[in-house]
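Enquirer: my questions are about this predicted structure, shown below with the sequence.
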Amino acid sequence: MKKMEQNQALFAGTTAANTISDLRTYAFIKEHGRWYIDLPEYLESGGKKEDLDMEGGADDLLHFLARGKNKVVVRLDTEPFPGCESLTLIAHCDTPRGGAYYLMANCRGKAVNKKMWLRDISLFVFGDMPEIIFVKNIKQYTNL
């Protein structure tokens, strides 16, 4: 069985959204120079912290959104909403890497054409690797 299929089975029926008026908002925290999505429910269910590490271009996007801060809160959804940008699925990755490659064409009104890899943790967040992920920066924080 492919890694993504194994993780889909593991994450089936989970939802990690921090519901605020039905909005999916997530905090990303920079620790020791690395970005992590803050999903305590994933860790409590036996997941590993290394699975929450953002790399492969996703870390560059978070660095950009955080504007020099150590924490950023981002709204993520599979449906468009006012002021959002989009990440479009390019390709799924097989074992051992897993996850998928996405392209962000624009960010803050500027063409960026940034390719990034998202880990299988997206399966925990969305239940699958969506064709399009809509994203918007909500807030940045310093010195946690």
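Expert: That came through, no problem. Residues are numbered from 1 along each chain as shown.
Enquirer: what's the weakest-modelled helix or strand in this structure?
Expert: strand 18-20 (a mean of 39; mean pLDDT, DSSP states H and E).
Enquirer: give me the contact list for the helix or strand following it.
Expert: On the C-terminal side of strand 18-20, the nearest following helix or strand under DSSP states H and E is strand 23-31. Residues outside strand 23-31 that contact it (C-beta atoms under 8 Å, 6 or more residues apart in numbering) are 16-18, 35-39, 54, 62, 66, 70-77, 125, 138, 144. Every C-beta, even on glycine, is put in place using the N, C-alpha and C of the backbone.
Enquirer: again, 7 Å this time
Expert: With C-beta atoms under 7 Å, 6 or more residues apart in numbering as the test, strand 23-31 has contacts from 17-18, 35-38, 54, 62, 66, 70-77, 138, 144.
Enquirer: what about stretch 67-82, start to end distance?
Expert: Using C-alpha to C-alpha, to the nearest Å, the span of stretch 67-82 from its first residue to its last is 21 Å.
Enquirer: name the residues that touch that stretch?
Expert: Taking C-beta under 7 Å, 6+ apart as the rule, stretch 67-82 contacts 23-30, 62, 65-66, 125-126, 130, 132-144.
Enquirer: just the buried residues of that stretch, please?
Expert: Residues 71-77 are the ones in stretch 67-82 that count as buried (16 or more other C-beta atoms under 10 Å).
Enquirer: ok, stretch 50-61 next?
Expert: Buried residues in stretch 50-61, counted by 16+ other C-beta under 10 Å: 51-54, 56-61.
Enquirer: backbone dihedrals for residue 74, please?
Expert: Main-chain dihedrals, residue 74, degrees, to the nearest 10: phi -130, psi 140.
Enquirer: of the buried residues of stretch 50-61, which belong to strands?
Expert: Among those, the ones falling in strands (DSSP state E) are 53-54.
Enquirer: what's the most distant pair in the buried residues of stretch 50-61?
Expert: 51 and 60 (19.3 Å; C-beta to C-beta).
Enquirer: can you show me the helices along this protein?
Expert: Counting by DSSP state H, the chain has helices at residues 3-11, 40-44, 58-66, 121-126.
Enquirer: would you single out the least confident of the ones you listed?
Expert: Comparing mean pLDDT over the helices of the chain, the weakest stretch is helix 3-11, at a mean of 46.
Enquirer: perfect, I'm done here.
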